[in-house]
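Engineer: Using only what follows, build the 3D model:
(chains A and B)
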Amino acid sequence: MLKAVILRLVSSVGVFLIIAVGLFTLVRMAPGDPVDMMVPPDVGGADREAYVEGLRARLGLDQPILVQFFRWFGDLLQGNLGYSYANGQPVGQLLADRLGPTLLLMGSALLLGVLIAIPLGVIAAVRRNRVADYTITSVSVLAIAAPSFFLAMLAIYVFSVKLRLLPSSGMHSTGQSGLIDLLTHMILPVGILALAVAAPFIRYVRNGMLEELGKDYIRAVTAKGAGQFLVVGHALRNSMISLITVLALYLPTFLAGAVVMEQVFAWPGMGQLAISALTTRDYPVIIGFGLYVAVLVLLCNLIADLLYTVVDPRVRTAR
Amino acid sequence: MRFKKTTSLVALAASALLLTACGTGPAPTGESGSESGSSANVYLYQKPVSFNPLKGAQGAEQLTMSLMYDNLVTTGPDYEIIPRLAETWEVSDDAKTYTFHLAEGLTWSDGEPFTAEDVVFSYTLYADPTVGSAWRKSLQDVVGYDELDAGSADTLAGVVATDEHTVTITLSRPNAGFLSLIGYGSVFYVLPQHVLGDQDRAGLLENEFFSKPTVGMGPYVLDEFNVDENVVLSANEHFRTEVGIDTLYLKMLTTDVATAQLATGEIDLVQVSPLDLDAVEGLPGVTMESAPSPGFIRAALNFSKPEFQDKRVRQAMLHAIDRKGMIEGILGGHGSVLNSSIMTEWALPDDLNEYEYDPERAKTLLQESGVDLSREVKLSWVTGQRDRDQMVTVIIENLQAVGINAVANPVDAGALTASYEDKSYDLALFGGGVYTPDPASSSPMLACDQHFPAGSNTAMFCNEDLDTAFAAGAATAIPAERTAAYQEAARLDNEWVPYLWITAADTLWASSERLQGFAPHGDFTNGFWNAAEWSIAE
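Structural biologist: Predicted coordinates:
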């Protein structure tokens, strides 16, 4: 077991380094020049050429691309992600600053979404082709179909502008930092995002449950006289394997920041950082963000593998 | 059995919880939770990165810096030069000597005295090639610039503190537009010598001080800079007048959110897009005000291409474009038509050709020119500003209607600049500039020796008569002579059509009832020009 984990970790590091090199190549192949983005052509009365040259030299962009690569790679091996072109701040710091708000938003939305999805999915499966199932299924299909940014704008219009119940955006009211204030700001974005998570998950849970409920062991359990609760327990546990897989695939995308949601709700998270870095070709930040997502994917896959062994004893004994 | 079943659920929930829990730690905390003073919320349409006046700053940075720093003079909403740190000033008749009399008894926000030496120090930094400021070239006419540039001096000889409260700037050649160069708006802020004097000049552009400046002469002092969220400023108790509002929150929002927050009362001041006029005007307790912009939206024609060298082609394009229609239809009437790159009223003669919307005239002119315009003419512009996007659609349709094969070519900012560098664009639509304060400021986009990248003449236009007229206008400080010279320049410019002057869009501001004393400025980067006079009515 431990050996397997160590093996996975080592291979993950290898994959990470390959991703890093690939990212650098791809990002630098993209069209657009960060210096051109930073210096508008009509800087009033400025000596643009000299200014641009100075800027290039300061950012190290005047060096041959190979020199730039080895400088960057050497730094990376020492854990230094470089410095943002835009403001000279260390990239690691920039990412760390955004990590908190994003984790808070996405973590709560994910947790809430899963907590909603599991019971509803189970009910839909157990009450298959009955009113409850139809209601849950159609609502979830509707929620999948409606783009969440649209729901978000609608929610802002209804709850903030018209009813004046909730703040329209941001993490805090100006000048406030209390927990209650934070929570009221979280209601709208977390609610909308949880809905976006729950909708497809309900479908996964329902399908997984239906598959398990049709199996022989369920008939055996039922024949032994077990109550419905116990039967559902058996089926739910076994359908959990496919759910974990889905969740593991889903988590990284989610934690990379729901870019659109963060924009709509002016949430100071990863998504906003990535978008502004992309539009200004802030290479170190773009690569840093890419690496962060890579780490998430690798980590989530590792966690999922470990969770399989918890949920399914067969995985454990097969080693 | 039951126990095991629950563990699986717990495992799942715990993994999610774990990730959530990490998040609560580093969540940003605003410390100023319980102030009793007045405060206002103001919209920032971009995210500031640093507050360095030496750098070429973006709009949100300029707005924020205008609260923290102060300059010798600036430009008021009527585009007259108004006093700031300099209470009065004199210009010699040969337009070579500028004397500024500073207000007495001023102190920096940290209590240190402010003197003429700070001004000399700051202007030296702006001109010093070691510092590498974006505004360096604006000082190229100052005596001693060349010596500083060559490295044979380390001060700017032409900027002298004649006494503690007087600064004299001497130019090596006449430049009557010099005041507007250093005072057209959110530029040439005076920096504290007692803080930055011992810093390495080569590293000043990236100096730590500017990521969170603590000492300035402006009405406000930076308190907190919460990245992606807001900038918190508190009143500078050492400011030269009383500051009306204790705390300002500059909030970084998208336009949609800002409009929504106007409705909810979460924000007090927003610069609005003309396309949001309908949504904002109906809001209770919100006042809409507008002011004419000091710059304009134009389409640059690439003069390095033979098709655009015949002035009849360019005149035809102006006749083909329904500029008044766009102002009504897209800008809600909040804009004006220009017929010259010069925007200062006294410099404009009243006999300029108005290039009325007239497709037939356009067709005739095109025919007369005999230029073959059957190939695709690409109109490049940076997408994302909805009013401009709509203008592009109209321009393309208008040009097609007279037989020019115009196509839209959306690009990003870097690509547009690159297409200036390799002279590959056909037509490039962009806006901005501050031209109203002084006609001299229109010269860099037209002069023969200012072709991009040396200057901002992205059209690569050149006309020696026009250069001569501009030079004559700059060479004297006598009003009648300046007027004559610049009116001549405007006539030439009007005839040659170096740019297609699309429109000068007004700047629109929406403010809440609470915010008193706000006066709209057409130069949005100077929109907080009278922030010290704002107050809150509860």
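Engineer: measure B:Met343 to chain A for me?
Structural biologist: Distance of B:Met343 to chain A, computed by C-beta to the nearest C-beta, to the nearest Å: 14 Å. C-beta coordinates here come from the backbone N, C-alpha and C atoms, glycine included.
Engineer: if I read this right, that residue contacts B:Ala440, doesn't it?
Structural biologist: No - look at B:Met343 against B:Ala440 with C-beta atoms under 8 Å: they stay out of range, at 11.7 Å.
Engineer: Return the helix or strand in the chain with minimum mean pLDDT.
Structural biologist: As the question left the chain open, I've gone with chain A. Every helix and strand in chain A was compared by mean pLDDT, DSSP states H and E; the lowest is helix A:313-318, with a mean of 69.
Engineer: look at chain B instead
Structural biologist: Going by mean pLDDT, DSSP H and E, chain B bottoms out at helix B:2-24, a mean of 40.
Engineer: Stretch A:240-258 near chain B at all?
Structural biologist: Yes - applying C-beta under 8 Å from any C-beta of the partner chain, one finds stretch A:240-258 touching chain B at A:240, A:243-244, A:247, A:251, A:255.
Engineer: ok, residues contacting that stretch?
Structural biologist: When contacts are defined by C-beta atoms under 8 Å, 6 or more residues apart in numbering or on different chains, stretch A:240-258 is touched by residues A:98, A:102-103, A:105-106, A:109-110, A:114, A:148, A:193, A:196-197, A:201, A:204-205, A:208, A:269-274, A:289, A:292-293, A:296-297, A:300-301, A:303-304, A:307-308, A:311-312, B:8, B:12, B:19.
Engineer: neighbours around the nearest residue to A:Gln68 once chain neighbours are set aside, how many?
Structural biologist: Closest residue in space to A:Gln68, ignoring its immediate chain neighbours: A:Gly60 at 6.3 Å, by C-beta to C-beta, 6 or more residues apart in numbering or on different chains. Neighbour count for A:Gly60, taken as other C-beta atoms under 10 Å in any protein chain shown: 14.
Engineer: Just the pLDDT for A:Gly60.
Structural biologist: On pLDDT, A:Gly60 comes in at 84.
Engineer: coming back round to it: helix or strand right after the least confident helix or strand of chain B?
Structural biologist: Downstream of helix B:2-24, the first helix or strand assigned by DSSP states H and E is strand B:39-44.
Engineer: and that following strand, C-alpha only, in CSV?
Structural biologist: Only the C-alpha atoms of strand B:39-44 are listed here, as CSV (Å, rounded to 0.1, in the frame of the first residue of the first chain):
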residue,chain,number,x,y,z
SER,B,39,-17.2,57.1,3.7
ALA,B,40,-18.0,56.8,0.1
ASN,B,41,-17.8,53.9,-2.4
VAL,B,42,-16.3,54.6,-5.8
TYR,B,43,-16.1,52.5,-8.9
LEU,B,44,-12.8,51.5,-10.5
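Engineer: tell me which strands and helices the next helix-or-strand element following it is in contact with?
Structural biologist: The C-terminal neighbour of strand B:39-44 among helices and strands, as given by DSSP H and E, is helix B:59-68. Helices and strands touching helix B:59-68, by 3 or more C-beta pairs under 8 Å, 6 or more residues apart in numbering or on different chains; DSSP states H and E, are strand B:39-44, strand B:220-226, strand B:230-235, strand B:247-252.
Engineer: Serialize these to CSV and add fields for distance to B:Ala505 and mean pLDDT.
Structural biologist: CSV is the format used below for the helices and strands packed on helix B:59-68 (distance: least, C-beta to C-beta, whole Å; pLDDT from 0 to 100):
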stretch, distance to B:Ala505, mean pLDDT
strand B:39-44, 18, 94
strand B:220-226, 29, 92
strand B:230-235, 26, 94
strand B:247-252, 23, 93
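Engineer: Go through the ones you listed and name the closest to chain A.
Structural biologist: Nearest to chain A, of all the helices and strands packed on helix B:59-68, is strand B:247-252, at 4.0 Å by C-beta to the nearest C-beta.
Engineer: Could you tell me how far the nearest residue in space to B:Phe114 that is not next to it in sequence is located from chain A?
Structural biologist: Leaving aside its chain neighbours, B:Phe114 sits nearest to B:Leu106 (4.2 Å; criterion: C-beta to C-beta, 6+ apart). Relative to chain A, B:Leu106 is positioned 27 Å away (C-beta to the nearest C-beta).
Engineer: Show me which positions of stretch B:207-219 end up buried.
Structural biologist: Using 16 or more other C-beta atoms under 10 Å in any protein chain shown as the test for burial, stretch B:207-219 gives B:207, B:209-211, B:213, B:215-219.
Engineer: er, stretch B:136-152 actually
Structural biologist: Result for stretch B:136-152 [16+ other C-beta under 10 Å]: buried residues B:136-145, B:148-149.
Engineer: Contact residues of the stretch 201-350 of chain B facing chain A?
Structural biologist: Near chain A, when you scan the stretch 201-350 of chain B using C-beta under 8 Å from any C-beta, you find B:205-206, B:211, B:226-230, B:232, B:247, B:249, B:251-254, B:256-257, B:260-261, B:263-264, B:266.
Engineer: let's see it at 6 Å
Structural biologist: Residues of the stretch 201-350 of chain B found near chain A (C-beta under 6 Å from any C-beta of the partner chain) are B:206, B:227-229, B:249, B:253-254, B:257, B:260-261, B:263-264.
Engineer: Could you identify the most distant pair in those residues?
Structural biologist: Within those, B:Glu206 and B:Ala263 form the most distant pair, 40.8 Å apart (C-beta to C-beta).
Engineer: Neighbour count: those two, which is higher?
Structural biologist: B:Ala263 (22 against 15).
Engineer: any idea how far the closest residue to that one other than its chain neighbours is from B:Phe461?
Structural biologist: Beyond its immediate neighbours in the sequence, the residue positioned closest to B:Ala263 (C-beta to C-beta, 6+ apart) is A:Val161, lying 4.7 Å away. Separation of A:Val161 from B:Phe461 (C-beta to C-beta, to the nearest Å): 48 Å.
Engineer: out of these two, which sits in the busier spot?
Structural biologist: Between A:Val161 and B:Phe461, B:Phe461 has the larger neighbour count (other C-beta under 10 Å), namely 25 against 16.
Engineer: isn't that one right up against B:Phe303?
Structural biologist: Yes - B:Phe461 is within contact range of B:Phe303, at 5.1 Å (criterion: C-beta atoms under 6 Å).
Engineer: Pull up the residues of the stretch 151-300 of chain A that are close to chain B.
Structural biologist: Residues of the stretch 151-300 of chain A lying near chain B (C-beta under 6 Å from any C-beta): A:156, A:160-161, A:168-169, A:172, A:174-177, A:233, A:237, A:240, A:263, A:266, A:268, A:272.
Engineer: ok, now with 7 Å
Structural biologist: Within the stretch 151-300 of chain A, the positions lying close to chain B (C-beta under 7 Å from any C-beta of the partner chain) are A:156, A:160-161, A:164, A:167-172, A:174-178, A:233, A:237, A:240, A:263, A:266, A:268, A:272, A:276, A:281.
Engineer: Now list the buried members of the residues you listed.
Structural biologist: The buried subset of these - by 16+ other C-beta under 10 Å - is A:156, A:160-161, A:167-172, A:174-177, A:233, A:237, A:240, A:263, A:266, A:268, A:272, A:276, A:281.
Engineer: mind checking how far B:Phe524 is from B:Asp70?
Structural biologist: With distances taken as C-beta to C-beta, B:Phe524 is found 19 Å from B:Asp70.
Engineer: same check, this time on B:Leu54
Structural biologist: In this view, B:Leu54 and B:Asp70 are 15 Å apart by C-beta to C-beta.
Engineer: same question, B:Glu112
Structural biologist: From B:Glu112 to B:Asp70 the distance is 15 Å (C-beta to C-beta).
Engineer: With neighbour numbers in mind, choose between the two.
Structural biologist: B:Asp70 (21 against 15).
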